[in-house]
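Trainee: just need the structure, nothing else, for what follows:
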Amino acid sequence: MDWHNAVKAAIARLTSRTRKRTFTRQALIIEEMERIVSDTRSRSQRPEQTLSRVLQELRDEKFIYFLERGEYLLTDSPVAVEQEELSEADIDGLIEGDLLAIDTVETADEQALQRRRIGQKRLRKLSLDSYGHRCALCDVQHDQLLVAAHIARWSDNPEARGRLSNVICLCRFHDPLFEMGYISLADDYTVLKKPGGGSRTIQVNLDTAERFRVPLGHPPAPEYLREHRRRSGFCV
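Mentor: Coordinates of the predicted model:
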């Protein structure tokens with residue numbers, strides 16, 4: 001077995017024994033190094049250096065994430081924010097890497113609920129940052145009037161709740177129009193609109209949504225846009 005797969009297997013064994021997704025390099029050395037060396041038939045005089053290199057490779061692959069407190073977090077599947085003790089910087093990093101799951105765990109525990117609220121707050125902040133703290137469809141720039149609007153609904157696609165590619169920064173005028181299907185986006189981000197149904201107020205807000213402003217990072221993913229168009233009755 002090569003080092004890459006041997007270390008992945010060792011991490012799986014270690015986290016399975018501890019029933020935790022977090023682990024340290026030192027714990028991996030103490031509890032698994034002998035097995036890793038045996039599995040790889042390594043003759044290296046410095047196996048710990050090889051382990052460090054492989055851990056960096058696994059970080060690059062998003063198989064593991066390095067936490068601020070000096071531990072590794074297994075990220076072979078999305079991490080439920082309610083179940084881990086994470087700093088805001090860690091939450092941001094996991095969101096940026098599409099590695100965080102929000103509100104996918106049923107819980108009444110106050111600590112878990114607080115972690116969920118922090119996750120939601122960080123998702124909103126990163127969304128606003130990406131869109132320059134401005135509505136993607138108009139000129140509103142007041143943070144109190146901006147929301148992180150999900151493309152695929154919260155209830156329809158739980159796995160996408162923490163993904164920036166499923167969130168658009170919209171103002172409180174255009175958010176309900178997007179939610180109710182008066183506005184959608186084509187794959188090339190052309191703004192699609194339905195008539196206001198005789199409402200002058202709705203039509204005025206529709207008229208201000210002329211162009212979509214592409215964010216600095218994590219633009220809306222086509223699969224979520226197709227889901228929104230299908231739900232809203234636009235031609236997919």
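
Trainee: alpha carbons only for contacts and neighbour counts from here, please
Mentor: Fine.

Trainee: let me see the ranges of the strands in this structure.
Mentor: With DSSP state E as the definition, the chain shows strands at residue ranges 22-23, 64-66, 72-74, 79-80, 100-101, 146-150, 167-171, 183-185, 191-193.

Trainee: strands paired with the third one, and their directions?
Mentor: When pairing is defined by DSSP bridges, strand 72-74 lines up against strand 22-23 (antiparallel), strand 64-66 (antiparallel).

Trainee: could you chop this protein up by domain?
Mentor: 3-76, 132-232 (automatic domain parsing).

Trainee: average model confidence for the shortest one?
Mentor: For domain 3-76, mean pLDDT rounds to 95.

Trainee: how about residue 29: what's its closest non-neighbour residue?
Mentor: Closest residue to residue 29 apart from its sequence neighbours, by C-alpha to C-alpha, 6 or more residues apart in numbering: residue 48 at 7.4 Å.

Trainee: correct me if wrong: the one you found contacts residue 26.
Mentor: No - here residue 48 lies out of contact with residue 26, judged by C-alpha atoms under 8 Å, at a distance of 9.7 Å.

Trainee: which one of those two has more residues nearby?
Mentor: Neighbours were counted for residue 48 and for residue 26 using other C-alpha atoms under 10 Å; residue 48 has more, 15 against 12.

Trainee: that one and residue 215: what is the separation?
Mentor: Using C-alpha to C-alpha, to the nearest Å, we find residue 48 at a distance of 42 Å from residue 215.

Trainee: longest helix of this protein, counting residues only.
Mentor: When the chain is parsed with DSSP state H, its longest helix is helix 110-130.

Trainee: what helices and strands are in contact with that helix?
Mentor: helix 88-96, strand 146-150, strand 167-171 (3 or more C-alpha pairs under 8 Å, 6 or more residues apart in numbering; DSSP states H and E).

Trainee: deepest of those, which one?
Mentor: strand 167-171 (a mean of 27; mean count of other C-alpha atoms under 10 Å).

Trainee: who does that strand touch, helix- and strand-wise?
Mentor: Strand 167-171 sits against helix 110-130, strand 146-150, with contacts defined as 3+ C-alpha pairs under 8 Å, 6+ apart.

Trainee: neighbouring strands - and their directions - for it?
Mentor: With DSSP bridges as the test, strand 167-171 is paired with strand 146-150 (antiparallel).

Trainee: show residues contacting the partner strand.
Mentor: Around strand 146-150, the neighbours that count as contacts under C-alpha atoms under 8 Å, 6 or more residues apart in numbering are 123-124, 127-128, 133-135, 140, 161, 166-172, 175.

Trainee: find the nearest non-adjacent residue to residue 221, please.
Mentor: Of all residues not flanking residue 221 in the chain, residue 165 sits nearest, at 5.3 Å (C-alpha to C-alpha, 6+ apart).

Trainee: let me know whether the one you found touches residue 216 as I believe.
Mentor: No - counting by C-alpha under 8 Å, residue 165 sits too far from residue 216 to count as a contact (11.5 Å).

Trainee: got the contact list for stretch 24-34?
Mentor: Under the criterion C-alpha under 8 Å, 6+ apart, residues 10-11, 14, 48, 70-72 lie in contact with stretch 24-34.
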